[in-house]
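> Structure of the sequence below:
(one chain, ligands or ions: 1)
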Amino acid sequence: MKLQTRNSDRPPPGVELLNPRVRRGPFRAALFDFDGTLSLIREGWPRVMVGMMTDRLRALGLAPEPDEELWGLVERFVMALNGHPTAVQMARFADEVEARGGAPDTPAAYLREYLDRLMAVVGGRWDALASGRATAAEWVVPNAHAVLANLAGRGVPLYLASGTDLAAVRHEAGLLGVLTPFGRHVYAPADNDPTFTKGQVVDDLVRSLGLRPGELLGFGDGVAECYEVKRAGGVMVGVASVEHGQTGVEPGKRARLAAAGADLIVPDYRDQEALIAWLWGDG
Ligand SMILES: [Mg+2]
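Take a look at the predicted model:
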């Protein structure tokens, strides 16, 4: 007897299926991360953050390791906290300074220095978008507008949850034309509040919509949202996005998302129509 796989059981090209038993819709809500999942405005942030931290450790004489080893060590703890409020990454760095026998600055001071460095890069992108020298399509994960429109057209309420400061998220989402689909459901730490968690956002939305396991669909490039969507019994699409102007799957993100339990991996939303149709079991 010949085993036959129905076409509809196979995910569309461009989509990597990690969990063959993934539940297929319909879904009653969709949760998106912002940076790296919809927006590329802050791309390069890990280089800026890890650079600030390694510079500080060197200046304090607390880094005996060779450059590459130090960079890798700092990058690992930064990326393991990707998706948490930025202040949480800064608190982890203060712990690192202390563990190495140094007198740490406050997490708030580290956060200011990081944001100063980051804004030197990001501010130019804000200006280019605001003046029309750059277009929103250039600075979103490819086809992000289409996947939001597709889900909204299916009547799925959209939720945005980010570890980046709330005012910056609203500003950048506005510049990119991806704010309106979320209505009032934009969640992020106000004034970099370190107590903000995506887990709380997920719990609140599950409760308010009365979602059952499997009814939440998540999209994200970070481990925090991946854990929370899976904890709520949802289906997670890992977005292993690369930087502006590049194509393909970013291998480091893919590996972290797979380890965190992502059900599917996509590089972007170029094939969103086929992906969403497959997830809903259309046709
Ligand atoms: Mg992200």
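> so A30 sits in a strand?
Yes: using DSSP: H, G, I helix; E, B strand; the rest coil, the assignment for A30 is a strand.
> With adjacent residues omitted, what lies nearest to it?
L217 (4.6 Å; Cβ to Cβ, 6 or more residues apart in numbering). (C-beta placed from N, C-alpha, C; glycine too.)
> In three-state terms, how would the one you found be classified?
Of the three states, L217 takes strand according to three-state DSSP.
> Which residues are in contact with it?
L217 makes contact with 25, 27, 29-31, 156, 234-235, 237, 279 under the criterion Cβ atoms under 8 Å, 6 or more residues apart in numbering.
> can you do 10 Å?
Taking Cβ atoms under 10 Å, 6 or more residues apart in numbering as the criterion, L217 is in contact with 23, 25-32, 151, 156, 229, 234-237, 263, 276, 279-280.
> Pull out the buried members of these.
The neighbour-count test (16 or more other Cβ atoms under 10 Å) marks 23, 25, 27-32, 151, 156, 229, 234-237, 263, 276, 279 as buried among the contacts of L217.
> List the buried residues in stretch 37-57.
37-43, 45-46, 48-50, 52-54, 56-57.
> residue in this structure nearest to the ion?
In the chain, no residue comes nearer to the ion than G36, which is 3.7 Å away by Cβ to the ion.
> for this structure, which helix is longest?
Ranked by residue count, the top helix of the chain under DSSP state H comes out as helix 107-131.
> Remind me what it packs against, helices and strands.
Applying 3 or more Cβ pairs under 10 Å, 6 or more residues apart in numbering; DSSP states H and E, one finds that helix 107-131 makes contact with helix 45-59, helix 86-99, helix 136-139, helix 166-176.
> average model confidence for the shortest one?
Helix 136-139 comes out with an average pLDDT of 96.
> So for the following helix or strand past that helix, what gets flagged as buried?
For helix 136-139, the succeeding helix or strand toward the C-terminus, using DSSP states H and E, is helix 144-153. By neighbour count with 16+ other Cβ under 10 Å, helix 144-153 contains the buried residues 144-145, 147-148, 150-152.
> Can you tell me the SS state at the spatially closest residue to L17 that is not a sequence neighbour?
In space, L17 comes closest to P11 once its chain neighbours are excluded; the distance is 4.5 Å by Cβ to Cβ, 6+ apart. Assigned state for P11: coil (three-state reduction, three-state DSSP).
> Run a quick neighbour tally on P11.
Other residues within reach of P11, judged by other Cβ atoms under 10 Å, total 19.
> which ones are touching it?
Applying Cβ under 10 Å, 6+ apart to P11 gives the contacts 17, 20, 22, 264-266, 271, 274-275, 278-279.
> With D116 instead?
The neighbours of D116, taking Cβ under 10 Å, 6+ apart as the test, are 48, 52.
> now A232
For A232, the set of contacting residues under the criterion of Cβ under 10 Å, 6+ apart consists of 31, 199, 202-203, 205-206, 211, 213-216, 218.
> Let me know the closest of those residues to V74.
G199 (25.1 Å; Cβ to Cβ).
> Tell me the pLDDT of the closest one.
In this model, G199 is scored at 96, pLDDT.
> same question, the one 10 residues further on
Model confidence at L209, expressed as pLDDT, equals 97.
> coming back round to it: among the contacts of P11, which ones are in strands?
If you go by DSSP state E, the contacts of P11 have 17, 264-266 in strands.
> Reformat these as a markdown table; add neighbour count and distance to A87.
Below are the ones in strands among the contacts of P11 laid out as a markdown table (neighbours: other Cβ atoms under 10 Å; distance: Cβ to Cβ, whole Å):
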| residue | neighbour count | distance to A87 |
| --- | --- | --- |
| L17 | 15 | 36 |
| L264 | 21 | 31 |
| I265 | 22 | 29 |
| V266 | 25 | 30 |
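> Please tabulate these in CSV, including the columns pLDDT and distance to T247.
Formatted as CSV, the entries for these read as follows, by pLDDT from 0 to 100; distance: Cβ to Cβ, whole Å:
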residue, pLDDT, distance to T247
L17, 97, 20
L264, 98, 18
I265, 98, 15
V266, 98, 12
